[in-house]
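J.: Quick one: sequence plus predicted model below, questions after.
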Amino acid sequence: MSEQELSRLHKAISRFIKLSDHDWNMLLPCLEERVINKGELFAQEGKIARDVGFMLDGSMRHYYTHDGEEKTTYFYFEGHFVSAYISCMSQKASELTIEAFTDCRLLVFRYSDLLHLFDQSHQWERFGRLLAEYLAIGLEDRMKGLLMLSPEERYIQLLQGNKQKIIERIPQHYISSYLGITPVSLSRIRNRLTRR
């Protein structure tokens, strides 16, 4: 892993906490670079998740399976942390799968190493809390959107929000799954909006 890649991870962690050199150096021995090829899994339903990754390149999707149908609920791109974090915390089998859309490169560390850092450093413990809060806010926003907005409003929010990468890089049938609608419904919504 290059200095530039480590610097990108350092910057991402620094959005949550101020890292001293000592705190940063505690993480370095825990890091490994990992390549996950298109179609391979970072986390799998039914298995306990153990890793937290930071995306250097590529894209992934996060989905649940219900009655044999995949329900896409989130996308990851470069600069994102990626994990079946609830499975890591609970040490119970993951209910979600995280699959590589493209060939991906990540910096990865074990959740167990993070727990060790929590015990050794107040700043790392704070990082764990703030990361969990960030995930909780994201989950609530997602749930609120699905429950309170119409499919068209959800699509407009996607167009106008900070999620342009989804529109630009994700196939339409996965976007429709993410919005909780069929590809046909998404096509109708897009046609209606272009006619306005």
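T.: On my side now, so go ahead. Numbers count the residues shown, from 1 in each chain.

J.: And for E33, the neighbour number?
T.: Number of residues near E33 (other Cβ atoms under 10 Å) recorded here: 12. Glycine gets a C-beta too; all of them are placed from N, C-alpha and C.

J.: what about it, distance to H116?
T.: Here E33 is placed at a distance of 20 Å from H116 (Cβ to Cβ, to the nearest Å).

J.: what's the answer for L179, then?
T.: Distance check for L179 against H116: by Cβ to Cβ, it reads 40 Å.

J.: pLDDT below threshold where in the chain?
T.: 161-162, 196 (pLDDT under 70).

J.: List the neighbouring strands of the helix or strand containing F75 plus their orientation.
T.: Using DSSP states H and E, the element containing F75 is strand 69-77. Its sheet considered, strand 69-77 pairs with strand 59-66 (antiparallel) by DSSP bridges.

J.: For the chain, which segments are assigned as helices?
T.: Using DSSP state H, the helices of the chain run over residues 3-14, 21-27, 85-90, 111-120, 122-148, 151-160, 164-169, 172-179, 183-195.

J.: Now the longest one: buried residues?
T.: Translated: helix 122-148. Residues of helix 122-148 classed as buried under the neighbour-count rule (16 or more other Cβ atoms under 10 Å) are Q123, W124, E125, F127, G128, L131, G145.

J.: what's the angle between that helix and strand 69-77?
T.: Using axes from the mean of the first three to the mean of the last three Cα atoms, to 10 degrees, the inter-axis angle of helix 122-148 relative to strand 69-77 is 130 degrees.

J.: what's the distance between helix 122-148 and the middle of its chain?
T.: 12 Å (Cα atoms, centre = their mean, to the nearest Å).

J.: From the contact counts, what lies against that helix?
T.: Packed against helix 122-148, as judged by 3 or more Cβ pairs under 8 Å, 6 or more residues apart in numbering; DSSP states H and E, are the following elements: helix 21-27, helix 85-90, helix 111-120, helix 151-160.

J.: 7 Å instead, please
T.: Judged by 3 or more Cβ pairs under 7 Å, 6 or more residues apart in numbering; DSSP states H and E, helix 122-148 is in contact with helix 111-120.

J.: what does the helix it packs on contact?
T.: Helix 111-120 is contacted by residues M26, L27, C30, R50, D51, V52, C88, W124, E125, G128 when judged by Cβ atoms under 7 Å, 6 or more residues apart in numbering.
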